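**Student:** Pasting the sequence and the predicted model now:
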Amino acid sequence: MSVDIETVKKIARLSRIAVSDAEAEALLPELNNILGWVEQLGEVDVSGVEPTAAVIPNRLRLREDEVTHGDRREDVLSNAPAREDGFFGVPKVIE
Amino acid sequence: MTSDITELGVAAIRDGVTQGEFTAVEAAQAFNARVAAAKPLNTFITETPEQAIEQAKAVDETRAAGKPLGKMAGVPIGMKDLFCTKGVQAAAASHILEGFTPPYESTVSGKLWDAGATMLGKLNMDQFAMGSSNETSHFGNVISPWRAKGSNKDFVPGGSSGGSSSAIAARLCPAATGTDTGGSIRQPAAFTGITGIKPTYGRCSRWGIIAFASSLDQAGAMAHDVKDCAIMLEAMAGFDPKDSTSLDEPVPDWEAALSGDLKGKRVGIAKEYHMDGMDAEIEALWDKGRDMLADAGAEIVDISLPHTKYALPAYYIIAPAEASSNLARYDGVRYGQRELPEGAGLQDMYAATRAAGFGDEVKRRIMIGTYVLSAGFYDAYYTQAQKVRTLIKRDFEQAWEKCDVILAPTTPTAAFSPGEQSDNPIAMYLNDVFAVPASMAGLPAMSVPAGINKDGLPLGLQIVGKPLDEQGVLNAGLAIEERAGFTAKPEEWW
């Protein structure tokens, strides 16, 4: 399977990465080379094989249902590029 | 004594501080001076000499008060920039996280400070740990202190933990943290003549380590020798309820149980690791390693890991897939850089922020990951890769019926020069062809310096062990170390 330029642009959109037409053109052979190379996995017979869920046997733990932290608004907001009134600031999303 | 401290390793510094031969502050000062004088190597993104001194003072005060000292008492270390460190930038060597100052400490770094280690600074690396040569950092390439005989050409220190490997090889720090997703501790260790161990997946908490591929990421120790790695790894490992994949297992006293006597142990040699066109010097080194382990008393057995050749392509589906998900959090809203073009809406802001904030290799992997997880392709790529991963894991499980550890080369070649492989992503990926299978199976693995090639550059041998058998890996590594007699050091040119 190889991708075309429209697919590259679609992947970029899904990835939320802005790419110019020239960048998409440059990415096209790069992505196709990698995808062509990983294609060899198709030759492995995996019938009856389960996909890996965990490499080392482990069990999911439950903890007590209690508040372990909180009240750290200042910490949470301390790295925000924009903040207003104790909230993260973003461009207007509702017209 | 003070002038010699930078020649010492972890054990010697800890013992020197503990026995009062020199103070932790003297050790911190000595290494701070080394770091400040090594700018051409570009190993550190952020230097924290004051923090090293402050932490060292606390160690000296603990000793003065007659209280017990930790396993890393007074040992100055470098911290890979992937670790969140309270109040000190953690950028993962990226632009998008430039300026990010964590308000919390990662579990592993916190454990190291609790054990008495002191922080010299944050080490450069491949951006988001994606790379094998330290050419993808937003903060510039890291240069290896090693040079070929009679040449002034630069070499790469490997990656992604290349700031760590370069700084240790240049004796800017006796040890450093690394992280290994698909070889990022072992390959740079091999390129720079140092020792590095990646423990079993789940031994070290991932909490507070900036995520790349969560099912593969493991922190580990990098230092001059096996004993130093054992000491540091002990300080780093342990159960952490804040990481859902952390293993609730006691941490053994690896240092105390170190022994290079391998009587009764079986060492596997996998025929699939003989690759076509393999470097003759690497092949010869591997044979020498086999002889060294036999000399240590081990029985050498031939084994087969039939799916070896598929580990790397499967990795390059699984790791980018997980990365595309993990790196979705960098949106310019909660932390890091924001790019807001004039009149842009929220979606445009996301796309512009990520376009400006990620380097080319990171973008490439996010896009590959997005594609292999997208509707219609998920089963053909991602599910197939995870099934192949099961077969790779099964290969190892079958091998453990015949052997206790596996010996392999760490890398297919010695270090190369910057720019030599950066135009061809797949050639770069092949650096990790021997390292990735153990990562895919979550196994402990280490690289030990074992020889020098004809150009005078270091080469490493790799030991892979059973789940949770770090001791077996360390002991086999020690047996090689005791016999390889690796004493070469880079000459100081910087």
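**Tutor:** Yep, it's here.

**Student:** So what's the residue count around residue 17?
**Tutor:** Defaulting to chain A. Other residues near A:Ile17 number 24, with proximity taken as other CB atoms under 10 Å in any protein chain shown. From N, CA and C alone the C-beta is placed, and that goes for glycine too.

**Student:** Chain B was what I was after
**Tutor:** Neighbours of B:Val17 (other CB under 10 Å): 26.

**Student:** Looks like it contacts B:Ala30 (just checking).
**Tutor:** No. Counting by CB atoms under 8 Å, B:Val17 stays clear of B:Ala30, with 11.9 Å between them.

**Student:** roughly how far apart are the residue of the stretch 101-250 of chain B found nearest chain A and B:Asp81?
**Tutor:** Going by CB to the nearest CB, chain A is nearest to B:Pro103 of the stretch 101-250 of chain B, at 3.9 Å. Separation of B:Pro103 from B:Asp81 (CB to CB, to the nearest Å) stands at 17 Å.

**Student:** who has more neighbours, the two?
**Tutor:** Between B:Pro103 and B:Asp81, counted using other CB under 10 Å, B:Asp81 has the larger neighbour count: 31 against 14.

**Student:** Need the nearest residue in space to the spatially most central residue of chain A, chain neighbours excluded.
**Tutor:** A centroid search over chain A (CA atoms, centre = their mean) returns A:Ser15, at 7.1 Å, as the residue closest to the centre. Leaving aside its chain neighbours, A:Ser15 sits nearest to B:Thr370 (4.6 Å; criterion: CB to CB, 6 or more residues apart in numbering or on different chains).

**Student:** host element of that neighbour?
**Tutor:** helix B:360-372 (DSSP states H and E).

**Student:** same check, this time on B:Ala408
**Tutor:** With secondary structure defined by DSSP H and E, B:Ala408 is part of strand B:405-409.

**Student:** The residue nearest the centre of chain B: what's it in contact with?
**Tutor:** For chain B, the residue nearest the mean C-alpha position is B:Ile185 (2.3 Å; CA atoms, centre = their mean). Listed by CB atoms under 8 Å, 6 or more residues apart in numbering or on different chains, the contact partners of B:Ile185 are B:Ser161, B:Ser164, B:Gly178, B:Thr179, B:Gly196, B:Ile197, B:Lys198, B:Gly220, B:Met222, B:Ser447.

**Student:** Check which strands are paired with the helix or strand the fourth one falls within and give the direction for each one.
**Tutor:** Assigned by DSSP H and E, B:Thr179 falls within strand B:175-180. Each strand that strand B:175-180 pairs with, and the sense of that pairing, follows from DSSP bridges: strand B:76-80 (parallel), strand B:218-223 (antiparallel).

**Student:** Format these as TSV; extra columns: mean neighbour count and mean pLDDT.
**Tutor:** Formatted as TSV, the strands paired with strand B:175-180 follow (neighbours: other CB atoms under 10 Å in any protein chain shown; pLDDT from 0 to 100):
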stretch	mean neighbour count	mean pLDDT
strand B:76-80	31	98
strand B:218-223	30	98
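
**Student:** Would you format the ones you listed as CSV with distance to B:Ala294 included?
**Tutor:** As requested, the strands paired with strand B:175-180 are arranged in CSV below (distance: least, CB to CB, whole Å):
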stretch, distance to B:Ala294
strand B:76-80, 35
strand B:218-223, 26
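
**Student:** Show me the one of those that comes nearest B:Arg354.
**Tutor:** strand B:76-80 (23.1 Å; CB to CB).

**Student:** And B:Lys402, how far from B:Asp261?
**Tutor:** 21 Å.

**Student:** Sorry, slip of the keys, the one I care about is A:Ser20.
**Tutor:** 62 Å.

**Student:** So between the two, which is more surrounded?
**Tutor:** It is B:Asp261, of A:Ser20 and B:Asp261, that has more neighbours when counted by other CB under 10 Å, with 13 against 10.

**Student:** Pull up the gap between that one and chain A, please.
**Tutor:** From B:Asp261 over to chain A the distance is 28 Å, taken as CB to the nearest CB, to the nearest Å.

**Student:** For that residue, list the residues it contacts.
**Tutor:** Applying CB under 8 Å, 6+ apart, the residues near B:Asp261 are B:Ala296, B:Gly297, B:Asn475, B:Ala479.

**Student:** got a pLDDT number for the last one?
**Tutor:** Note for B:Ala479: predicted pLDDT of 98.
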